[in-house]
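>>> starting from these lines, generate the structure:
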Amino acid sequence: MRILVVEDEHKIANSIKKGLELENFAVDVLYDGSEGFDFASSEDYDAIILDLMLPGIDGVTITRLLRQKNIHTPILMLTAKGQVEDRVTGLDSGADDYLTKPFSFNELLARLRALLRRPKKADGRILKVGDLTLDTVTYEVKREDKIIKLSGREYALLEYLMRHRSQVVTKEQIISHVWNYDADILPNTVEVFIGYLRNKIDRVNDGPHLIKTVRGFGYKITGEGE
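Numbers count the residues shown, from 1 in each chain. Sure, this is the predicted structure:
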């Protein structure tokens, strides 16, 4: 899952980035509202963590502009202000949730997970394809009730495929959601990680192969008969 963090306090922004990356998210960080709006309106993110007070364009204005452009990426708004009026303004502008500074990272993570369960393509806490399951909270992956150990990048790739089950996703889409914006990733890297997943999920199992290559287009994950 790919997250955009727009926060002008570098220490807070970098701390959020570090924490989320440890939780297997791909994270882009910007410290200016104008740049944040440009990225949020031109790149495909699964959620945005957005500070209320920003140089360039403030968080409320960014949110309103995104909603006017029909961009409905879930937004968690951060604010140093605790007044009811500020919270109401943020939510009325189109934000999905808010968090008042100072906050614990665990609370931010819990709220972010809750937002990520809301979109249409999200299937709740447990994602399932055939006899393969993935728990988005505990990060436990199982096939036929056998636990499969994955690296952080393998997990992120599998989660993206499972959230788009039966849909063909291109290498470019995978790169944009599983790796950071500034990561120097080649299309061949996707093939390598798809191979890793197949070795752990398909080739050690007697059941049907779930990860399929759609030649000339990309990959998809489907259960038997789908």
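>>> please make it C-alpha for all contacts and neighbour counts, starting now.
Noted.
>>> from memory residue 160 sits against residue 24, does it?
No. Using CA atoms under 8 Å, residue 160 is not in contact with residue 24, being 11.5 Å away.
>>> find residues that contact each of these two.
Taking CA atoms under 8 Å, 6 or more residues apart in numbering as the contact rule, residue 160 and residue 24 both touch residue 1.
>>> got the domain ranges for this structure?
The record assigns the chain these domain ranges, following automatic domain parsing: 2-116, 126-221.
>>> please identify the most buried of the ones you listed.
Comparing the domains of the chain by mean neighbour count (mean count of other CA atoms under 10 Å), domain 2-116 ranks first with a mean of 18.
>>> between the two ends of that one, what distance do you get?
Using CA to CA, to the nearest Å, the end-to-end distance of domain 2-116 comes to 11 Å.
>>> now do stretch 141-159
OK, stretch 141-159 end separation, CA to CA: 10 Å.
>>> show me what it is in contact with.
Contacts to stretch 141-159, defined as CA under 8 Å, 6+ apart, come from residues 1, 23-25, 127, 131-136, 139-140, 174, 178, 193, 196-197, 200-201.
>>> could you list the low-pLDDT ranges of the protein?
Within the chain, the set of residues satisfying pLDDT under 70 comprises 81-88, 90, 118-124, 182-183, 205-206, 225-226.
>>> please enumerate the helices of it.
Secondary structure of the chain (DSSP state H): helices at 10-22, 33-42, 59-68, 84-92, 105-116, 152-163, 171-178, 187-201.
>>> in JSON lines, list the ones you listed along with distance to residue 50.
JSON lines is the format used below for these (distance: least, CA to CA, whole Å):
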{"stretch": "helix 10-22", "distance to residue 50": "10"}
{"stretch": "helix 33-42", "distance to residue 50": "9"}
{"stretch": "helix 59-68", "distance to residue 50": "6"}
{"stretch": "helix 84-92", "distance to residue 50": "10"}
{"stretch": "helix 105-116", "distance to residue 50": "12"}
{"stretch": "helix 152-163", "distance to residue 50": "22"}
{"stretch": "helix 171-178", "distance to residue 50": "18"}
{"stretch": "helix 187-201", "distance to residue 50": "30"}
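>>> nearest to residue 74, of those?
With CA to CA, the closest approach to residue 74 among the helices of the chain belongs to helix 105-116: 6.2 Å.
>>> any figure for the gap between residue 60 and residue 89?
As judged by CA to CA, residue 60 and residue 89 stand 7 Å apart.
>>> again with residue 20
Distance of residue 20 to residue 89, given as CA to CA: 27 Å.
>>> repeat for residue 138
From residue 138 over to residue 89 (counting by CA to CA), the distance is 34 Å.
>>> quick one: the residue nearest in space to the middle of the chain from residue 23, how far?
By CA atoms, centre = their mean, the chain has its centre lying nearest to residue 1, at 2.3 Å. Note on residue 1: its distance to residue 23, by CA to CA, is 10 Å.
>>> try residue 96
From residue 96 to residue 23 the distance is 21 Å (CA to CA).
>>> and for residue 72?
As judged by CA to CA, residue 72 and residue 23 stand 24 Å apart.
>>> likewise residue 130?
Residue 130 is 25 Å from residue 23, by CA to CA.
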